[in-house]
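Quick one, what's the 3D model for this:
(4 chains)
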There are 2 protein chains.
Amino acid sequence: MRKTARRHQQGEESRLRILAATLAIAAERGYDGTSIALVTEATGLPASSVYWHFRNKDELLAETLEFSYRRWRETAPTWQDRVGIADPAEEIRDRLHRASRAITERPEFWRLGLMLGLANRPKEPAARRRYIEVRAETRTAIRDWWEQVLPAGAAGADQVADRLSRFHLAVMDGLYIGVHSGRDWDLDRLVDLIADGVHAQAVAWLADAA
Amino acid sequence: MRKTARRHQQGEESRLRILAATLAIAAERGYDGTSIALVTEATGLPASSVYWHFRNKDELLAETLEFSYRRWRETAPTWQDRVGIADPAEEIRDRLHRASRAITERPEFWRLGLMLGLANRPKEPAARRRYIEVRAETRTAIRDWWEQVLPAGAAGADQVADRLSRFHLAVMDGLYIGVHSGRDWDLDRLVDLIADGVHAQAVAWLADAA
DNA sequence: CACTGACTGGAGCGATCACTACAGGGACGT
DNA sequence: ACGTCCCTGTAGTGATCGCTCCAGTCAGTG
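Numbering: from 1, shown residues only, chains lettered A, B, ... in the order given. Alright, predicted model coming up:
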């Protein structure tokens, strides 16, 4: 395994190995807990290779975040295409079930994101900035989806959709931490409950806006 | 300000200064982001003083967590004494409102706790272990409270109370992250909604157990 | 077969990390 | 007056941090 199978011109593979290893480490230990030494140890590649592929640690972690985000999106629902469900309550339930599945099946992105988002040093790392961007991007997608789900032409629908998207994200945060802090969760029923709660909130806010 | 007002025999005050400074730093930057140098800079005390009061960094952060927990409990509801509210739904709402107030008024404990809980290195720091204990302690208190709120003698009430306490905690986690990632929150109404959701879940689980 | 350009290997840089040794300094009891 | 004990100040320790330098290796190109 040492230096036998490693041939030349396989930079792309090395790059991926580095990203995957960094993701595994950073999703466990956070930004500061991730050291280049740990990455080189996990990949077998020397530090110089890491720095050939990435400018510095900050960029490595920013790209690692993007990498995990891309992988997460493969599992997560794309908010663009709606399933043809007539009943809004049902559609919301479907969405949240898919989201909860993505969180449980590919937890690294959400986990890393939470840690990057929580830690707040004075000079902000690019990785955290990138996460905030990605999160905002996701929220926009969720908001657009909500605007489609809400009855067309309702008064103040855009503002309601905005609030709902925020709430929606917070629910997923709570869901992640809850699910990953104990087994006994009955996740599907919980998601049903939450979905109905979100739906109720949507109705209430819409009534408010009118 | 330098060495003028600092008299002798004021070890206890120094200790508190160190704890407060460490809390402020650690709640912003997490375990690894907190360095002794930052603490000495913030307090004006040398490193040797820090190490006179605390055995090492790990113990410093463990005690800082306890310190913040104690301060948090001053604001948070004590789960022991119930207000004399007859309607369970109303009582749950009251509880969650108090909890959300504690989270918004003294966010350091919850914030630090989330970071300690998320970061997961192989050799576990005492601070994280201490947090897990404190969290378990809180959950036990919440569970006991639920057992009082649930109709006495209901079948499987203890198991339902256990699940509800877990859910309850997850809600508070999501609430924290949600509240601290944006302004436009209409917190009180949100808490009402969530409380009703929790209540609905309690009823459903109780029906299940029967 | 020489050359190029993409990568690797190893050695080592200064800075910062957690932590320590030790010499005081000042409020006390005696 | 003197010693004791609590705490501070200075000046370090070795280890690890992120990062760099640069020679060496090997596939592809002409």
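
Pull out the buried positions in stretch A:61-73.
Buried residues in stretch A:61-73, counting neighbours by 16 or more other C-beta atoms under 10 Å in any protein chain shown, are found at A:Leu61, A:Ala62, A:Glu63, A:Thr64, A:Leu65, A:Glu66, A:Phe67, A:Ser68, A:Tyr69, A:Arg71, A:Trp72. The way it works is simple: take the backbone N, C-alpha and C, and place the C-beta from them, glycine included.

Any stretches of chain A with poor pLDDT?
Chain A contains residues with pLDDT under 70 at A:1-9, A:77, A:79-85, A:182-184.

just the helices in it please.
Along chain A, counting by DSSP state H, helices occupy A:11-33, A:36-43, A:47-53, A:57-75, A:88-105, A:107-118, A:126-149, A:157-179, A:187-209.

closest to chain B out of these?
Between chain B and those, the tightest spacing by C-beta to the nearest C-beta is seen for helix A:157-179, at 2.1 Å.

gap between the closest one and the chain center?
13 Å (C-alpha atoms, centre = their mean, to the nearest Å).

the inter-axis angle of it versus helix A:88-105?
Per axes from the mean of the first three to the mean of the last three C-alpha atoms, to 10 degrees, the angle that helix A:157-179 makes with helix A:88-105 is 40 degrees.

From the contact counts, what lies against helix A:157-179?
Packing partners of helix A:157-179 (3 or more C-beta pairs under 8 Å, 6 or more residues apart in numbering or on different chains; DSSP states H and E): helix A:88-105, helix A:107-118, helix A:126-149, helix A:187-209, helix B:107-118, helix B:157-179.

Please render the ones you listed as JSON lines that adds distance to A:His168 to the earlier fields.
Rendered in JSON lines, the data for the helices and strands packed on helix A:157-179 read as follows (distance: least, C-beta to C-beta, whole Å):
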{"stretch": "helix A:88-105", "distance to A:His168": "8"}
{"stretch": "helix A:107-118", "distance to A:His168": "14"}
{"stretch": "helix A:126-149", "distance to A:His168": "5"}
{"stretch": "helix A:187-209", "distance to A:His168": "7"}
{"stretch": "helix B:107-118", "distance to A:His168": "20"}
{"stretch": "helix B:157-179", "distance to A:His168": "10"}
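
what separates the residue nearest to A:Asn120 when sequence neighbours are not counted from A:Ala202, distance-wise?
Residue nearest to A:Asn120 in three dimensions, not counting chain neighbours: B:Glu28, with 5.2 Å by C-beta to C-beta, 6 or more residues apart in numbering or on different chains. Taking C-beta to C-beta, to the nearest Å as the measure, B:Glu28 falls 35 Å from A:Ala202.

Let's have the helices and strands packed on helix A:157-179 in CSV, adding distance to DNA strand C.
As requested, these are arranged in CSV below (distance: least, C-beta to the nearest atom of the strand, whole Å):
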stretch, distance to DNA strand C
helix A:88-105, 30
helix A:107-118, 18
helix A:126-149, 18
helix A:187-209, 38
helix B:107-118, 15
helix B:157-179, 25
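
Pull out the buried positions in stretch A:38-52.
A:Leu38, A:Val39, A:Thr40, A:Thr43, A:Leu45, A:Ser49, A:Val50.

Tell me if that stretch is near chain B.
No: judged by C-beta under 8 Å from any C-beta of the partner chain, stretch A:38-52 stays clear of chain B, getting no closer than 10.2 Å.

May I have that stretch exported as PDB, CA atoms only?
The C-alpha trace of stretch A:38-52 is given here as PDB (Å, rounded to 0.1, in the frame of the first residue of the first chain):
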ATOM      1  CA  LEU A  38      -4.100  14.700  10.300                       C
ATOM      2  CA  VAL A  39      -4.900  15.000   6.700                       C
ATOM      3  CA  THR A  40      -1.500  13.800   5.500                       C
ATOM      4  CA  GLU A  41      -1.700  11.000   8.000                       C
ATOM      5  CA  ALA A  42      -5.100   9.900   6.700                       C
ATOM      6  CA  THR A  43      -4.200  10.100   3.000                       C
ATOM      7  CA  GLY A  44      -0.600   9.000   3.100                       C
ATOM      8  CA  LEU A  45       0.200  12.100   1.000                       C
ATOM      9  CA  PRO A  46       2.800  14.600   2.200                       C
ATOM     10  CA  ALA A  47       1.900  18.100   3.200                       C
ATOM     11  CA  SER A  48       3.400  19.500   0.000                       C
ATOM     12  CA  SER A  49       0.800  17.600  -2.000                       C
ATOM     13  CA  VAL A  50      -2.000  19.100   0.000                       C
ATOM     14  CA  TYR A  51      -0.500  22.600  -0.700                       C
ATOM     15  CA  TRP A  52      -0.100  21.800  -4.300                       C
END
